[in-house]
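Chemist: could you work out the structure for the sequence below:
(chains A, B, C and D)
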There are 2 protein chains.
Amino acid sequence: MLSKTDAEGVRAHNRRIVIEHLRVRRRTTRRAAADATGLSLSSAAAITSALIRNGLVREIPEAEEDAPLARVGRRGRPERRIALLGEAAYVIAARVAVGEIAVRLSDYAGTSLAEATRETSIAGFDADAIAGVIAALIETVASEARLASCDRIGRIGRIVVAVQGKVDTSRGSIVWSPALKTRNIEIGPAIEARTGIGVGVENDCSLMPEGFRWDGSSVRSGLATILIGFGVGMGIAVAGDPFTARQRASTEFGHINHYPGGALCRCGNRGCVEAYAADYAILRSAGGAPPDEIIARRIDESLMHAIADRARAGEAQAAGAFETAGLALGYGLGRVFTLIDPLPLVFTGSGSHAMDLLEPSIRRGIAESAVAGEGADVPFTVVEDADALIFDAATNRALGDLDQVFAASERETRDAAE
Amino acid sequence: MLSKTDAEGVRAHNRRIVIEHLRVRRRTTRRAAADATGLSLSSAAAITSALIRNGLVREIPEAEEDAPLARVGRRGRPERRIALLGEAAYVIAARVAVGEIAVRLSDYAGTSLAEATRETSIAGFDADAIAGVIAALIETVASEARLASCDRIGRIGRIVVAVQGKVDTSRGSIVWSPALKTRNIEIGPAIEARTGIGVGVENDCSLMPEGFRWDGSSVRSGLATILIGFGVGMGIAVAGDPFTARQRASTEFGHINHYPGGALCRCGNRGCVEAYAADYAILRSAGGAPPDEIIARRIDESLMHAIADRARAGEAQAAGAFETAGLALGYGLGRVFTLIDPLPLVFTGSGSHAMDLLEPSIRRGIAESAVAGEGADVPFTVVEDADALIFDAATNRALGDLDQVFAASERETRDAAE
DNA sequence: AGACTTTTTCCAAGCCTCGTAAAAAATGGT
DNA sequence: ACCATTTTTTACGAGGCTTGGAAAAAGTCT
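Modeler: Residues are numbered from 1 along each chain as shown, chains lettered A, B, ... in the order given. From the prediction side, this is the model:
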């Protein structure tokens, strides 16, 4: 059931869309905000002024104007440009992956301030131990960014954790992760208890499209991100409202069945996409190992590069491994496109280094499996650094969460106290 | 970008949720509406009173109360029960399928008033010819329901067409249909031009979950409908807001690839779910025909019943055909569940008569293809009459569209003129 | 210095929701 | 038969939000 609205709700909603506009156009004016949001000039001005009073937005002094050329020979009162105020709040993006926990601190304007990584196996850790590691990393980045003093760390308003593995977002728990031995670890509440900050827990691949959240056109047309690495994962943002993307939970693309009874996957099933397209699958296929062998050890990226080079040099078995991988990915994508709709694709992860080898067979797989081959011509983009993309995505999600909170309630101007 | 809200928007929204409440609880009171929607008593009363003035809602006279027992020995002023007024408007649900065009007239309260069918091949028809058939059928049902007089037929406020085949909802066109020879037929505008009534065009299978739109719990938990007949189709309603379900367009479940390079499908691809689970696939498999043979003719339902009976009697080849079909369905569902989430299932269509034969292998297929076999235990429901379900769905969609229009603008009380 | 232009702020009008008070309509007891 | 009680419904003023127009502010151009 939809919930009711009232006057306050209207204000909250309109504050929200103004903030959203500020996120997309990083610098704007009151008039531009009014035009873009459809609000009247009066309302847009009232809202922006309130946001300035609340310390969420600042007027940019002329001195800082990095584009004075725009204002040459224009008559009339010059516009006051406004932007989100970085110091208004801070957010933490955290990654939990096999062998590594990492944290990035960003300010409210979205600029990254500091990162810290702890390379360690957390296989045996419980929720509190993981929360401890993350809290320590937060201390590190906070002090690195000189936010160490007590009242300053309190300005961190939101933490979003991107986890490799299946999560339960509503409970903030890790249902299952390759990085962990035990299941159902309630990491969200544990971090909240330790830091006193609100925490969101998401699957890293599902979260990835959020990295393009305020890129304008990217998300408006919908978007799917595909991570090819030790596993295979996908994130989907349906066209239109980026907020609805929040609903989709567990797109376990890597474990969509490709070939019934096929190659053995780490998950125990047979024939998953991952069992053909992940690093370990390409490795075992290129090495001529039987498709029942599970390679549990961590695979060095340089090894994958070597196999790719062998394939590029024309070695049949290596080339065949990449072709098989591409076909599995293509069939999987064709199935998704048949179910949802063709979407532009963003590839990332170590496997994306071999897109020259994969692309032809991916497109062929889509053509063979989608109705009328639709979607075989969607645009491909490659983002090499998957970890950075995950950080971006988690940061954007955290900022969006914060926006919602800030829009909901007119905050007291605590900055006045300082 | 989200759009702004203002006071009028608030009223429209709140009117909407009151109407929605009236749809779910067919009879209610002002107080109950206030409680359910979260609105204050004043506002709920103001809105309901306005709806009554606008002729959308009626107060039920005591004489009509079918449950006087509820009001026994209760003190205080008795409540005025209210309900949607059937005569407020009328809607048309139309089905376009192979060999058949059918139409149902319903009133604003959702009660079906009349149906009419024209059994004919429309293979060579263009948009205007199809629109002509539908318009004629509308005349038939309108006169049957004694709405023939000119001002009365004008009370039909919305037409929703459920098409067998792929549609483009935004343009109101049939991209491709097994019932038609030509592609991209803009049926929506053609019907609008002929009748002057707003038209929505949807795929029949995608629309089906709308049949459960106001069933309370059904949609709240999400739902997938699966039609097994001459083809295989699916409709998905994601958990939560039933309105967002509107976004999903072309869930061509039947053409999700099941087995790469497998049995030949009518669509020309190999290995689609449909090529194993549709009527024609079961027929060819049970008959020992090669998996490359395409059966184009319409298959009589009694023939399928006969094959099912042979399978029940233990004939190996027939039983094997159903098992193969169930496995293909199960793998397809497992893939969907892996991508989206496990959902309760509603089966319909001629194939649902053989659910006793299919269910075990469907569940096995899900178990083998979904991560950790999740979703193998979702509840199955069978609705035998697929055509009726499609009618229900199209009617509900049309009523929902109308609700939105009526909620948006306070209409003049045209009933006062009568 | 004055005219002109553009941005920003200020203010009364119009909606909407909400809480409270008053009116309406039935029951139960005397 | 009449009055107190109970519950629903309506009426009304308060407060918040958006809006359009007027006024003020802050520049450029002649």
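
Chemist: need the residues of the stretch 1-150 of chain A near chain B, please.
Modeler: Where the stretch 1-150 of chain A comes near chain B, counting by Cβ under 8 Å from any Cβ of the partner chain, the residues are A:1-7, A:9-10, A:13-14, A:16-17, A:20-21, A:24, A:36-39, A:43. In this view, the C-beta of every residue, glycine as well, is placed from N, C-alpha and C.

Chemist: residues contacting A:Asp107?
Modeler: Contacts were defined as Cβ atoms under 8 Å, 6 or more residues apart in numbering or on different chains; by that measure A:Asp107 touches A:Gly86, A:Glu87, A:Ala88, A:Ala89, A:Tyr90, A:Val91, A:Leu113.

Chemist: in the sheet, who's paired with it?
Modeler: A:Asp107 has these beta-bridge partners by DSSP bridges: A:Tyr90.

Chemist: and the residues of the stretch 1-150 of chain A next to chain B near DNA strand C, which?
Modeler: The subset of the residues of the stretch 1-150 of chain A next to chain B within reach of DNA strand C, by Cβ under 7 Å from any atom of the strand, is A:Lys4, A:Thr5, A:Asp6, A:Ala7.

Chemist: which ones are touching the third one?
Modeler: With Cβ under 8 Å, 6+ apart as the criterion, the residues that contact A:Asp6 are B:Val10.

Chemist: now tabulate the contacts of A:Asp107 in JSON lines and tack on neighbour count and pLDDT.
Modeler: Below are the contacts of A:Asp107 laid out as JSON lines (neighbours: other Cβ atoms under 10 Å in any protein chain shown; pLDDT from 0 to 100):
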{"residue": "A:Gly86", "neighbour count": "15", "pLDDT": "89"}
{"residue": "A:Glu87", "neighbour count": "14", "pLDDT": "86"}
{"residue": "A:Ala88", "neighbour count": "21", "pLDDT": "88"}
{"residue": "A:Ala89", "neighbour count": "23", "pLDDT": "90"}
{"residue": "A:Tyr90", "neighbour count": "26", "pLDDT": "93"}
{"residue": "A:Val91", "neighbour count": "26", "pLDDT": "95"}
{"residue": "A:Leu113", "neighbour count": "16", "pLDDT": "92"}
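
Chemist: report the separation between the residue nearest to A:Val133 when sequence neighbours are not counted and A:Ile130.
Modeler: Once flanking residues are discounted, A:Val133 sits nearest to A:Ile101: 5.3 Å by Cβ to Cβ, 6 or more residues apart in numbering or on different chains. Using Cβ to Cβ, to the nearest Å, one obtains 7 Å as the distance from A:Ile101 to A:Ile130.

Chemist: now do the shared contacts for these two.
Modeler: What both A:Ile101 and A:Ile130 touch, as defined by Cβ under 8 Å, 6+ apart, is the set A:Ile122.

Chemist: check which helix or strand covers the residue nearest to A:Val133.
Modeler: Using DSSP states H and E, the element containing A:Ile101 is strand A:100-107.

Chemist: how far does that strand sit from the chain's center?
Modeler: 13 Å (Cα atoms, centre = their mean, to the nearest Å).

Chemist: just stretch A:279-299 next, same as before
Modeler: 28 Å.

Chemist: contacts for it?
Modeler: In this structure, residues lying in contact with stretch A:279-299 by Cβ under 8 Å, 6+ apart are A:98-99, A:228-230, A:262-264, A:266, A:274-276, A:303-304, A:307, A:310-311, A:317-318, A:320-322, A:324-325, A:350-351.

Chemist: for that stretch, which positions count as buried?
Modeler: A:Asp279, A:Tyr280, A:Ala281, A:Ile282, A:Leu283, A:Arg284, A:Ser285, A:Ala286, A:Pro291, A:Ile295, A:Ile299 (16 or more other Cβ atoms under 10 Å in any protein chain shown).

Chemist: list just the nearest of those residues to A:Glu144.
Modeler: Nearest to A:Glu144 out of the buried residues of stretch A:279-299 is A:Ile299 (Cβ to Cβ; 31.6 Å).

Chemist: how about the secondary structure of that closest one?
Modeler: Put simply, A:Ile299 is coil when judged by DSSP: H, G, I helix; E, B strand; the rest coil.

Chemist: of the contacts of A:Asp107, which is the nearest to A:Leu223?
Modeler: Using Cβ to Cβ, those come closest to A:Leu223 at A:Val91, 22.1 Å.

Chemist: for B:Gly9, see how far away the closest one is.
Modeler: On the measure of Cβ to Cβ, A:Val91 and B:Gly9 end up 31 Å apart.

Chemist: let me see the mean pLDDT of the strand holding A:Ile101.
Modeler: Mean pLDDT, strand A:100-107: 94.

Chemist: okay, now the nearest residue to A:Ala237 once chain neighbours are set aside: neighbour count?
Modeler: Closest residue in space to A:Ala237, ignoring its immediate chain neighbours: A:Pro209 at 3.7 Å, by Cβ to Cβ, 6+ apart. Counted with other Cβ atoms under 10 Å in any protein chain shown, residues neighbouring A:Pro209 total 27.
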